[in-house]
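Undergrad: Next input, structure requested:
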Amino acid sequence: MAAETVSSTSFEGQKPAVNPWFIAFAVMLATFMEVLDTSVANVALNHIAGNLSASTDEATWVLTSYLVSNAIVLPATGWLSRFFGRKRFLITCIVIFTISSALCGLATSLGMLIVARIIQGIGGGALQPIAQTILLESFPREKRGSAMSVYAIGVVVAPILGPTLGGWLTDNYSWRWVFYINIPVGILAVILCSILLEDPAYLKGARPGRIDFVGFALLTVWIGCLQIMLDKGQDADRLYSNLIQFLACGAAIGFCAFIAWELRVEHPIVNLRILRNGNLAIGSLLLFLVGAILYGTTAILPLFLQNLISYTSYSAGLVMSPRGFGAIAGSIVSARILANPKIDGRVWIGGGFAILALSMYMFGNLTIQIAPSNIILPIVISGFSVTCIFVPMTTFSMATISRENMGEASGLTNLLRNLGGSVGISAITALVARGTQTRQALLVGHLNPYNPVFNDHIAKVQSALTPQIGSVAAHDQAYGLTYQTLQQQAALSAYVDQFRLLVIVCLLCIPLVFLFKKPARRPAGTDLAAAH
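TA: Sure thing, here's the model as predicted:
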């Protein structure tokens, strides 16, 4: 109850000088573009590699470098905001992000592009937690659901639309425009933030203390090692690779040392003590799992469509796009649900996980002959359910956090969501690859000359091909086509298995939701009086 009282008094102590919806538009402009950049370059990798005379494997560092630098800055955002001033720090980050986007588009070599992407990730890393903190502080308690709906549109819809937008820009213009589009948006965001934002009173007199160089170094080591290990693990054959073993050890040792150091230092770069708050700890865990499901399915669905149903990159992106419409609808509905004091937000979150489990079950019944209309429905449902979970869960996670700690809490939750995405992508792609090999090994045992069904199938295919290419060539071609079908079915089974596994994960999340403590609802006048 004491924690709830603290949060109530600190949240309502200062109202923004302008309409909070103007503030929401200003801070979410650059944030939307920053989140978009985590996925917008995915479909342009082949073009980047060809244009800059690099291999596709080398070009993947364009993605990895951005994710690593982005993740390092995320948890340190609260401390950096106190040290530099939040408004000044936010505008500086937007400027860095915009200038580095221009440098990415102007890159003449892969090395230059990777360096520019590292700088872009550093500039963009703080935008998500700062935007979340500003939105929560700018809106009154009863409107926080609406604020988080706006935030959800940025952090959930942007990664979904990224591949489609990237494919369209690359096919119609150039891969360089994937980065150039950030420039006008960044300029507009800087102008609006300069005019509309102001630092709250508690930040103007903040004393962040000395810079925690040791904590920041340890943070860089373990997050850098972990991100690179997750991104490169499948290509390097996981722990059979010396590089992956080295990165795994570096991540484990760095993480343990980081935890020990941050808990004992007086002014840590990342305040881990706030995880003693039950709502924040539960929300962080659930956001990690939601990030894994969202980014994992966003990664493997286009692969399923391209590799098994022969869609082009752009066509796969178009089929995935309706997920964004479902996410927007979920944000709008969730905002209205949370505004109703008679509805328990925890029930709504649990229902969101149940709907997400339903969409994963529908994905688990996919076949190679499926029509686009049949896959669009579960895609829309999954987008709707993710924001139905994300909006109220973010609100509950921050409900009992004091205003002074909100920036640090936002940084931690955003970091865990992004790390969940990295873990989800890495785990699901690895399970699909290994599952395909396992299924193929099981199925190939049935393809032998002692199986009458197999012999009958070969005879039918050979007789159909003989009039066109001759009996000898038809015999070889029949075996080749049969093996191709075997590979397709093995891959299909592997994809289906992972979607069905995610059904179980979604259902297991539902009981955790009810561990959230409902924040005390108080009239606005009571909070203001308590603040004074």
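Undergrad: Pull out the buried positions in stretch 477-489.
TA: Under the neighbour-count criterion of 16 or more other C-beta atoms under 10 Å, stretch 477-489 has 477, 478, 481, 486, 487, 489 buried. Backbone N, C-alpha and C define where each C-beta goes, glycine included.
Undergrad: with those in mind, which one is nearest to residue 280?
TA: Nearest to residue 280 among the buried residues of stretch 477-489: residue 489, at 45.3 Å, using C-beta to C-beta.
Undergrad: Please compute how far the strand or helix carrying the closest one lies from its chain's middle.
TA: Secondary-structure assignment from DSSP states H and E places residue 489 in helix 471-513. In terms of C-alpha atoms, centre = their mean, to the nearest Å, the centre of helix 471-513 is set 25 Å apart from its chain centre.
Undergrad: so where's the protein shaky on pLDDT?
TA: 1-17, 43, 56-57, 202-209, 234-235, 237, 313, 519-532 (pLDDT under 70).
Undergrad: Spit out the contact partners of residue 78.
TA: Neighbouring residues of residue 78 by C-beta atoms under 8 Å, 6 or more residues apart in numbering: 129, 270, 271, 405, 406, 407, 408, 409, 410, 411.
Undergrad: Ignore what I typed, I meant residue 457.
TA: Neighbours of residue 457 in contact, by C-beta under 8 Å, 6+ apart: residue 482.
Undergrad: Helix, strand or coil: sort out it for me.
TA: At residue 457, secondary structure determined by DSSP: H, G, I helix; E, B strand; the rest coil is helix.
Undergrad: Could you measure from it over to residue 449?
TA: Relative to residue 449, residue 457 is positioned 12 Å away (C-beta to C-beta, to the nearest Å).
Undergrad: Ends of stretch 70-86, what's the gap?
TA: The first and last residues of stretch 70-86 sit 18 Å apart, counting by C-alpha to C-alpha, to the nearest Å.
Undergrad: which of the residues in that stretch are buried?
TA: 70-83, 85-86.
Undergrad: distance between the helix or strand where residue 348 lies and the chain's centre?
TA: Assigned by DSSP H and E, residue 348 belongs to helix 345-363. Taking C-alpha atoms, centre = their mean, one finds helix 345-363 lying 18 Å from the centre of the chain it belongs to.
Undergrad: name the helices or strands packed onto that helix?
TA: Here helix 345-363 touches helix 278-308, helix 322-339, helix 372-398, helix 471-513, going by 3 or more C-beta pairs under 8 Å, 6 or more residues apart in numbering; DSSP states H and E.
Undergrad: Please identify the deepest-packed of the ones you listed.
TA: Highest mean neighbour count among those (mean count of other C-beta atoms under 10 Å): helix 372-398, with a mean of 24.
Undergrad: what angle separates it from helix 322-339?
TA: 40 degrees (axes from the mean of the first three to the mean of the last three C-alpha atoms, to 10 degrees).
Undergrad: Tell me which other helices or strands helix 372-398 touches.
TA: With contacts taken as 3+ C-beta pairs under 8 Å, 6+ apart, helix 372-398 sits against helix 144-152, helix 278-308, helix 313-320, helix 322-339, helix 345-363, helix 406-444.
Undergrad: I'd like to know which of the buried residues of stretch 477-489 is nearest to residue 188.
TA: Closest to residue 188, out of all of those and judged by C-beta to C-beta, is residue 487, at 49.0 Å.
Undergrad: my guess is the closest one meets residue 440, correct?
TA: Yes. Using C-beta atoms under 8 Å, residue 487 makes contact with residue 440 at a distance of 6.5 Å.
Undergrad: about what we covered before: mind checking the helices and strands packed on helix 372-398 for the one nearest to residue 468?
TA: Of the helices and strands packed on helix 372-398, nearest to residue 468 by C-beta to C-beta is helix 278-308, at 25.8 Å.
Undergrad: now the angle from that closest one to helix 313-320?
TA: 130 degrees.
Undergrad: Check the offset of helix 278-308 from the chain's centre.
TA: That offset, for helix 278-308, works out to 7 Å (C-alpha atoms, centre = their mean).
Undergrad: ok so, going back, distance to residue 34 and neighbour count added to the contacts of residue 78, as a markdown table?
TA: A markdown table is the format used below for the contacts of residue 78 (distance: C-beta to C-beta, whole Å; neighbours: other C-beta atoms under 10 Å):
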| residue | distance to residue 34 | neighbour count |
| --- | --- | --- |
| 129 | 11 | 27 |
| 270 | 20 | 24 |
| 271 | 23 | 19 |
| 405 | 23 | 21 |
| 406 | 20 | 24 |
| 407 | 17 | 27 |
| 408 | 19 | 27 |
| 409 | 19 | 26 |
| 410 | 14 | 30 |
| 411 | 14 | 28 |
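Undergrad: Which pair in those residues has the greatest spatial separation?
TA: 270 and 406, at 14.4 Å, using C-beta to C-beta across the contacts of residue 78.
Undergrad: all helices for the stretch 1-150 of the chain, in order.
TA: Along the stretch 1-150 of the chain, the segments classed as helices by DSSP state H, counting those that start in this stretch run 2-11, 20-36, 45-51, 56-59, 61-73, 77-84, 86-106, 110-125, 127-138, 144-152.
Undergrad: As JSON lines, those with distance to residue 509 would be great.
TA: As requested, the helices of the stretch 1-150 of the chain are arranged in JSON lines below (distance: least, C-beta to C-beta, whole Å):
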{"stretch": "helix 2-11", "distance to residue 509": "24"}
{"stretch": "helix 20-36", "distance to residue 509": "23"}
{"stretch": "helix 45-51", "distance to residue 509": "33"}
{"stretch": "helix 56-59", "distance to residue 509": "35"}
{"stretch": "helix 61-73", "distance to residue 509": "23"}
{"stretch": "helix 77-84", "distance to residue 509": "26"}
{"stretch": "helix 86-106", "distance to residue 509": "32"}
{"stretch": "helix 110-125", "distance to residue 509": "27"}
{"stretch": "helix 127-138", "distance to residue 509": "21"}
{"stretch": "helix 144-152", "distance to residue 509": "17"}
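Undergrad: Need the winner for burial among those helices.
TA: Greatest burial across the helices of the stretch 1-150 of the chain, using mean count of other C-beta under 10 Å, falls to helix 127-138, with a mean of 27.
Undergrad: CA atoms of that one as CSV?
TA: Extracted C-alpha coordinates of helix 127-138, given in CSV (Å, rounded to 0.1, in the frame of the first residue of the first chain):
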residue,chain,number,x,y,z
LEU,A,127,14.1,6.8,-27.6
GLN,A,128,11.8,4.0,-26.6
PRO,A,129,12.1,4.3,-22.8
ILE,A,130,12.1,8.1,-22.8
ALA,A,131,9.0,8.1,-25.0
GLN,A,132,7.3,5.6,-22.6
THR,A,133,8.2,7.7,-19.6
ILE,A,134,7.1,11.0,-21.1
LEU,A,135,3.8,9.5,-22.2
LEU,A,136,3.1,8.0,-18.7
GLU,A,137,4.0,11.3,-17.0
SER,A,138,2.1,13.5,-19.5
